[in-house]
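S.K.: model this:
(2 chains)
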Amino acid sequence: MAHSTQGIATHESKTVTRVFITIALGYLLLFLGLPLFAVFYQALSKGWDLYYAALLEPDAWSAIKLTFIAAAIAVPCNLVFGIAAAWSIAKFDFKGKSMLITLIDLPFAVSPVVSGLVYVLLFGAQGWFGPWLQEHDLKLIFAVPGIVLATIFVTFPFIARELIPLMQAQGKDEEEAAVSLGASGWQTFSRVTLPNIKWGLLYGVILCNARAMGEFGAVSVVSGHIRGMTNTMPLHVEILYNEYNFVAAFTIASLLALLALVTLLVKSVVEWQAIRSGAAIRSLI
Amino acid sequence: MSIIIENISKHFGNFKALDNINLEVGSGELLALLGPSGCGKTSLLRIIGGLELPDTGKLLFHGEDVKSRDACNRNVGFVFQHYALFRHMSVFENVAFGLRVKPKHIRYKEAEIKRRVHELLELVQLDWLADRFPAQLSGGQRQRIALARALAVEPKILLLDEPFGALDAQVRKELRRWLRRLHDELHITSIFVTHDQEEALEVSDRVVVMNKGRIEQVGTPDEVYAQPATPFVYQFIGNVNLFHSRDHAPWTQQLDDAIAYVRPHDIDISVSAQDETSLPVVVNLVRAIGAIVRVEVEIDGSHELIEIELSRERFDAAPLACGDRVYIRPRQFRVFQKEETDELPAT
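M.R.: Next comes the predicted model:
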């Protein structure tokens, strides 16, 4: 039989299929593949030596470090918040539950620049808590803590959003079973809840991390762009580009692109693993 | 262990799930909570298990108040309606769970845990499934594993929520008998919730019939079937025909607003009128279902349908066909005043 089952099911001629595949792939290549290639091409246009030099330049190196520090603080914070929020939303009924769900989406809905501005308004020198912070010699805005705060704000829906539908679908039967068998609260969480949500959790962490490293708008407002001090990688790219230092700009950009590619790879592996471990269950239920 | 429930009430928002429940369960008894969905039977079970807190009232296990004790300290085995097996654990680990989460100083050694789990798996006749995962089991197997898991912690009380609800008819019948035998071996005080009257009557020592958060009747299976205390119990357990005093005064034997309840198998059919209570009817439908024959008749001059059940022998002795004109007469019935019957569910 020459026909594939898909061909029979949709009754499309081979030409139509080919046209659509060509359009999809061409579009992908034009808008995603080409820019990605351009980033690496530009970064390496003057050879590997300049590439390494741009990476190891102190300001670049400090931007890389700051990006990782911000992500390393923001992701665990949102991990704890995400699990707590998803747990309370999925397993309990309380007043203001729908309000909480809506609020969690706020960072998705609002422009990152606005969220950055809010922090300046709250903690800046002229802000609500500004005088109090100055009295106690604390500096949030135009400093690392501000960048971390802005990053947390922008990335906090990712993990919670991933877990809420998952935990709602799983219900609380297994937790109740564990409790009735004598398990304490912590035993119930670590032995029953956590293993059930681990793939969704990992997926959320990966997305949260990707966004934390790539965030530009909110961080840009609170950072103050002090070279070697409060510049993250995306901000550093912009500065270098504005200085017509294309090789250095694209070098840092290529590093960000590389991080994104690694993220996508890890994400695919996690999805594949989750499907594999879930497939046996779904096929039988 | 005996259970005493005193004046327990429970609200969910404005909905009254349980309304002043009083009940005593004897030690070693197998009790069925029977009622339609939403009658509060599962809420009562969850309150006994500590998964829900009552608004008011007392709960005593063996004379001791346990209302403030958490579910994990009540030593109650709970079998959930959809089994709630831990999906990421093997059958062995599921059953071992209750033993593994015990505080360190009273936890058994690994070898002892192994021995106990295999003993329980043998008890439910599924030792050969120890390494499988819940998703790889059939419904009946999951049910038995859930039971083994609940029994692992050596509970003094076993609670089962619709234990056979999600199984097909054949497996359900088998498991029912098996549960009854198991209870006769272990003698754990057990309460199970069901909406299936046949299940309740066949398995339990006593049946508690519930409706709208109240207990309608407590009694042996025979009592609730043969002597229903309320119109609701009459309608819920077994089939029943209703005869209103307005139209059938001789049946209700009184003239005020009353209704006679007659079981389908308590009606006699004859070709001629026996006395003034005989009612002329036309046979509408005849259906032989196994050992019984179900006959539907229509009362002359009205469209009221009455269901009658005959044994195969009786039917063969006096066969009926559609369109036959015959007389019916109640052998046994019970009359309730109209006010008592107001709160009946639609049947």
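S.K.: Kindly report the residues of the stretch 51-200 of chain B close to chain A.
M.R.: Listed as neighbours of chain A in the stretch 51-200 of chain B under the rule C-beta under 8 Å from any C-beta of the partner chain: B:51, B:70-78, B:80, B:82, B:84-88, B:97-98, B:101-102, B:133, B:135-136, B:149-150, B:152-153. No exception for glycine: its C-beta is placed from N, CA and C like everyone else's.
S.K.: Narrow these to those that are buried.
M.R.: In those, burial by neighbour count holds for B:51, B:71-72, B:74-78, B:80, B:84-88, B:97-98, B:101-102, B:133, B:135-136, B:149-150, B:152-153, counting by 16 or more other C-beta atoms under 10 Å in any protein chain shown.
S.K.: for the helix or strand containing A:Met167, packing partners?
M.R.: When elements are assigned from DSSP states H and E, A:Met167 belongs to helix A:157-170. Using 3 or more C-beta pairs under 8 Å, 6 or more residues apart in numbering or on different chains; DSSP states H and E as the contact criterion, the elements in contact with helix A:157-170 are helix A:58-91, helix A:97-104, helix A:106-109, helix A:194-214.
S.K.: next SSE after the worst-scoring helix or strand of chain B on mean pLDDT?
M.R.: Among the secondary structure pieces of chain B, namely its helices and strands, helix B:249-252 has the lowest mean (mean pLDDT, DSSP states H and E), a mean of 65. Note on helix B:249-252: by DSSP H and E, the next helix or strand toward the C-terminus is strand B:258-262.
S.K.: tell me the mean pLDDT for that following strand?
M.R.: Confidence over strand B:258-262 (mean pLDDT, whole number) is 83.
S.K.: Same check on stretch B:324-334?
M.R.: Per-residue pLDDT over stretch B:324-334 has a mean of 85.
S.K.: What is the end-to-end distance of that stretch?
M.R.: According to C-alpha to C-alpha, to the nearest Å, stretch B:324-334 extends 28 Å from its N-terminal end residue to its C-terminal end residue.
S.K.: repeat for stretch B:216-232
M.R.: The separation between the terminal residues of stretch B:216-232, taken as C-alpha to C-alpha, is 8 Å.
S.K.: now the helices for chain B?
M.R.: Along chain B, the segments classed as helices by DSSP state H run B:41-49, B:91-100, B:110-123, B:139-152, B:169-186, B:197-203, B:221-226, B:231-236, B:249-252, B:312-317.
S.K.: Report the distance from the longest one to the chain centre.
M.R.: Taking the mean C-alpha point of helix B:169-186 and that of its whole chain, the gap between them comes to 14 Å (C-alpha atoms, centre = their mean, to the nearest Å).
S.K.: can you check the third one too?
M.R.: Centre-to-centre, helix B:110-123 and its host chain are 32 Å apart (C-alpha atoms, centre = their mean).
S.K.: buried set for that helix?
M.R.: B:Ile113, B:Arg116, B:Val117, B:Leu120, B:Leu121, B:Leu123.
S.K.: Pick out the most distant pair among the residues you listed.
M.R.: Distances among those were taken as C-beta to C-beta; the most separated pair is B:Ile113 and B:Leu123, at 15.6 Å.
S.K.: Alongside chain B, which residues does the stretch 101-250 of chain A contribute?
M.R.: Counting by C-beta under 8 Å from any C-beta, the residues of the stretch 101-250 of chain A near chain B are A:173-174, A:176-184, A:187, A:191-192, A:195-196.
S.K.: partner residues bridging the spatially closest residue to B:Ile191 that is not a sequence neighbour?
M.R.: Nearest residue to B:Ile191, sequence neighbours excluded (C-beta to C-beta, 6 or more residues apart in numbering or on different chains): B:Leu31, at 4.8 Å. Note on B:Leu31: beta-bridge partners by DSSP bridges are B:Ile191, B:Arg206.
S.K.: isn't B:Leu31 right next to B:Val25, touching?
M.R.: Yes: B:Leu31 sits in contact with B:Val25 when judged by C-beta atoms under 8 Å, with a separation of 5.3 Å.
S.K.: Which neighbours do these two have in common?
M.R.: Shared between the contact lists of B:Leu31 and B:Val25 (criterion: C-beta atoms under 8 Å, 6 or more residues apart in numbering or on different chains) are residues B:Ile191.
S.K.: For chain A, what's the nearest residue on the stretch 151-300 of chain B?
M.R.: Residue nearest to chain A within the stretch 151-300 of chain B (C-beta to the nearest C-beta): B:Val153, separated by 5.7 Å.
S.K.: Next one: that residue from B:Phe97, what distance?
M.R.: When distances are taken as C-beta to C-beta, to the nearest Å, B:Val153 and B:Phe97 turn out to be 9 Å apart.
S.K.: Mind exporting the C-alpha coordinates of the helix or strand hosting A:Leu133 to CSV?
M.R.: When elements are defined using DSSP H and E, A:Leu133 is found to belong to helix A:130-135. Taking C-alpha atoms only, helix A:130-135 is exported to CSV below (Å, rounded to 0.1, in the frame of the first residue of the first chain):
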residue,chain,number,x,y,z
GLY,A,130,13.1,55.2,50.2
PRO,A,131,13.8,57.4,53.2
TRP,A,132,13.5,54.5,55.6
LEU,A,133,15.9,52.4,53.5
GLN,A,134,18.4,55.3,53.4
GLU,A,135,18.2,55.7,57.2
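S.K.: now for the helix or strand just after it, which elements pack on it?
M.R.: Proceeding C-terminally, helix A:130-135 gives way to helix A:144-155 as the next helix or strand, assigned by DSSP H and E. In terms of contact count using 3+ C-beta pairs under 8 Å, 6+ apart, helix A:144-155 is assigned the packing partners helix A:58-91, helix A:106-109, helix A:112-123, helix A:194-214, helix A:217-223.
S.K.: what's across from B:Asp268 in the sheet?
M.R.: Here B:Asp268 shows beta-bridge partners B:Arg329, assigned using DSSP bridges.
S.K.: Confirm for me that it is in contact with B:Arg329.
M.R.: Yes: here B:Asp268 reaches B:Arg329: they are 4.9 Å apart, a contact under C-beta under 8 Å.
S.K.: Can you pull the residues that touch both of those two?
M.R.: B:Gln274.
S.K.: When those two are compared, which one has more neighbours?
M.R.: Just comparing B:Asp268 and B:Arg329: by other C-beta atoms under 10 Å in any protein chain shown the higher neighbour count belongs to B:Arg329, 19 against 14.
S.K.: so the more buried one touches B:Pro280, yeah?
M.R.: No: taking C-beta under 8 Å as the definition, B:Arg329 is not a contact partner of B:Pro280, at 11.0 Å.
S.K.: Need the winner for burial among the helices and strands packed on helix A:144-155.
M.R.: Using mean count of other C-beta atoms under 10 Å in any protein chain shown, the stretch among the helices and strands packed on helix A:144-155 with the greatest mean number of neighbours is helix A:217-223 (a mean of 23).
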